[in-house]
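Asker: this one's sequence-less:
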């Protein structure tokens, strides 16, 4: 009988040794699987990001295709419009040149006629002045004849009968002189009026000559404008040629853009297929990780000593201490149960990553800090100890991870880990777990794309029969 008990004890010890070895191997396997799972997760995230970029590229390519097609259509329309403009301008330039040339010729003729008319007026003015001078001479002769007739009449009167014949002649001469004088006076008046008319005509003619001179200058300017219009026609013709030269590169660009669009569509389809495979691989590695964690849990529950036993027992003990602190605070009236289970998180303004506060924060800062700081001395491999509620909210962290936030989000992610919600797979599972303990292997995000392989053992915190969350103990592998 004693032999049998000894044999049984030996067999049990042998089984425990095998379980311990299996547990250690499972622990190492879990670490490797966790790393692979993290890498697959990273690849999945990269694939999703690439998919988004490719989708955006496809959309941009479509927009570019549309823009290129519109550009090509617009180029054709512009070319047609330029052709029409060139034809219209060419026709207009010819008509304008002919019209300007005819108008200039007519203006020149009118101007020459106006100048000739002015010169003729000057000649008439000179003749009129001569006539006026002759008229004045005639008037002078008439006056002298009248005086002579008067003298003859006086002499005839003195002569008496012998002078009667002479008197008759004197009278006739006087009558003739009077008539000549009357004609001379009338002629002088008419000449005076004629001179006034001539002066007015000369003034008008001078103005006409000035206008004619300006018209000739404007006709010359119009002729130059016609030349400029011809130059414009030439420029438009050159523009049409340039547009024609641009059409082919635009068409080549449209063709190239269409090719790029097709390539991007193929790449998008390939990425979707790849992302689908990565998603499946991610699910598979997570299942394998769950199986390895369940295996480690099974071995730990069997009572066999493994490399994780110390941390499992410590996590249970720390969870009990936290529950005791909470229950004592409620019993002492320091806090109500409603406040202790407060999940109305209030954002802390200006924090990145976002930090939040609750109504029980003062209690965890005061009472859990000593417990969590002491846990860091359990083993050199312990990296942190912190309680989380069922949503993964971590109110109070170890002092080393509770620094004041800065303006650098990357630095904050690694050094300001208190008052934050960690709702990733590990953090959320630790908060929601109600089994005696939960052992997880994961990659801890340290910020800036840096990760650390960790094990996380957690035990539920139960306060007066209510599940508050869990106490997490993280340690390096």
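Answerer: Here it is on my side, so go on. Because the structure is predicted, anything quoted here is derived from the model rather than measured. Numbering: from 1, shown residues only.
Asker: what's the span of stretch 392-407 from first residue to last?
Answerer: 25 Å (C-alpha to C-alpha, to the nearest Å).
Asker: try stretch 361-372
Answerer: First-to-last residue span, stretch 361-372, C-alpha to C-alpha: 15 Å.
Asker: same deal with stretch 370-385?
Answerer: Stretch 370-385 end-to-end distance (C-alpha to C-alpha) = 11 Å.
Asker: I'd like the average pLDDT over it.
Answerer: On average, the pLDDT along stretch 370-385 is 97.
Asker: go through that stretch and flag the buried ones.
Answerer: Residues 371-372, 375-376, 378, 382-385 are the ones in stretch 370-385 that count as buried (16 or more other C-beta atoms under 10 Å). From N, CA and C alone the C-beta is placed, and that goes for glycine too.
Asker: state the pair within these that is farthest apart.
Answerer: Using C-beta to C-beta, the pair of the buried residues of stretch 370-385 lying farthest apart is 371 and 383, separated by 16.2 Å.
Asker: for the stretch 301-450 of the chain, just list every one of the strands.
Answerer: Here the stretch 301-450 of the chain has its strands, by DSSP state E, counting those that start in this stretch, at 346-347, 356-357, 382-389, 393-394, 420-421, 438-447, 450-463.
Asker: worst average pLDDT in those strands?
Answerer: Ranked by mean pLDDT, these end with strand 438-447 at the bottom, a mean of 78.
Asker: what angle sits between it and strand 382-389?
Answerer: On the basis of axes from the mean of the first three to the mean of the last three C-alpha atoms, to 10 degrees, strand 438-447 is oriented at 100 degrees to strand 382-389.
Asker: tell me who's in contact with the nearest residue to residue 462 once chain neighbours are set aside.
Answerer: Leaving aside its chain neighbours, residue 462 sits nearest to residue 323 (5.7 Å; criterion: C-beta to C-beta, 6 or more residues apart in numbering). Shown in contact with residue 323 (C-beta atoms under 8 Å, 6 or more residues apart in numbering): 461-463, 468.
Asker: the helices in this structure, which residues?
Answerer: Per DSSP state H, the chain carries helices over the ranges 2-159, 164-301, 309-331, 337-340, 361-363, 369-375, 409-415, 425-432.
Asker: ok, the residue nearest to residue 311 when sequence neighbours are not counted - how many residues close by?
Answerer: Leaving aside its sequence neighbours, residue 311 sits nearest to residue 457 (C-beta to C-beta, 6+ apart; 4.9 Å). Look at residue 457: counted by other C-beta atoms under 10 Å, it has 27 neighbours.
Asker: surely residue 457 touches residue 470?
Answerer: No: contact criterion C-beta atoms under 8 Å: residue 457 and residue 470 do not qualify, at 9.8 Å.
Asker: identify the contacts common to those two.
Answerer: Common neighbours of residue 457 and residue 470 (C-beta under 8 Å, 6+ apart) are residue 438.
Asker: list the contacts of the residue nearest to residue 314 when sequence neighbours are not counted.
Answerer: Counting by C-beta to C-beta, 6+ apart, residue 314 lies nearest to residue 378, which is 5.2 Å off, once chain neighbours are set aside. Residues in contact with residue 378 (C-beta under 8 Å, 6+ apart) are 310-311, 314, 473.
Asker: nearest to residue 161, of those residues?
Answerer: Using C-beta to C-beta, residue 473 is the member of these that lies nearest residue 161, at 183.7 Å.
Asker: for residue 265, give its distance to residue 143.
Answerer: Look at residue 265 and residue 143: by C-beta to C-beta, to the nearest Å, they are 123 Å apart.
Asker: scratch that, residue 460
Answerer: 156 Å.
Asker: out of these two, which sits in the busier spot?
Answerer: Taking other C-beta under 10 Å, residue 460 and residue 143 do not tie; residue 460 has more neighbours (23 against 14).
Asker: the more buried one contacts residue 430, doesn't it?
Answerer: No: using C-beta under 8 Å as the test, residue 460 is too far from residue 430 to be in contact (9.2 Å).
Asker: what is in contact with these two at once?
Answerer: residue 470.
Asker: ok, residue 339 - how many residues close by?
Answerer: Residues within reach of residue 339, counting by other C-beta under 10 Å, total 15.
Asker: which one is it nearest to, not counting chain neighbours?
Answerer: residue 359 (4.3 Å).
Asker: doesn't residue 342 make contact with the one you found?
Answerer: Yes: using C-beta under 8 Å, residue 359 is in contact with residue 342, at 4.3 Å.
Asker: touching, residue 371 and residue 318? I think so.
Answerer: Yes: with contact defined as C-beta under 8 Å, residue 371 reaches residue 318; the gap is 6.3 Å.
Asker: list the residues that contact both of the two?
Answerer: In terms of C-beta under 8 Å, 6+ apart, residue 371 and residue 318 are both contacted by the residues residue 385.
Asker: thinking again about what came up before, the residue nearest to residue 311 pairs with what?
Answerer: residue 439, residue 473 (DSSP bridges).
Asker: which residues touch it?
Answerer: The contact partners of residue 457, taken as C-beta under 8 Å, 6+ apart, are 308, 311-312, 314-315, 437-440, 472-473, 475.
Asker: now it: how far from residue 143?
Answerer: Taking C-beta to C-beta, one finds residue 457 at 156 Å from residue 143.
Asker: ok, residues contacting stretch 308-322?
Answerer: Residues contacting stretch 308-322 (C-beta under 8 Å, 6+ apart): 23, 27, 296, 300, 368, 371-372, 375, 378-379, 382, 385, 387, 436-437, 439, 455, 457-461, 470-473, 475.
Asker: excluding sequence neighbours, find me the nearest residue to residue 176.
Answerer: Residue nearest to residue 176 in three dimensions, not counting chain neighbours: residue 145, with 7.2 Å by C-beta to C-beta, 6+ apart.
Asker: please apply the same query to residue 426.
Answerer: The spatial neighbour of residue 426 that comes closest, neighbours along the chain excluded (C-beta to C-beta, 6+ apart), is residue 442 at 4.4 Å.
Asker: burial count for that neighbour?
Answerer: Per other C-beta under 10 Å, the neighbour tally for residue 442 reads 25.
Asker: low-confidence bits of the stretch 301-450 of the chain, can you list those?
Answerer: By pLDDT under 70, the low-scoring segments of the stretch 301-450 of the chain are 301-304, 445-449.
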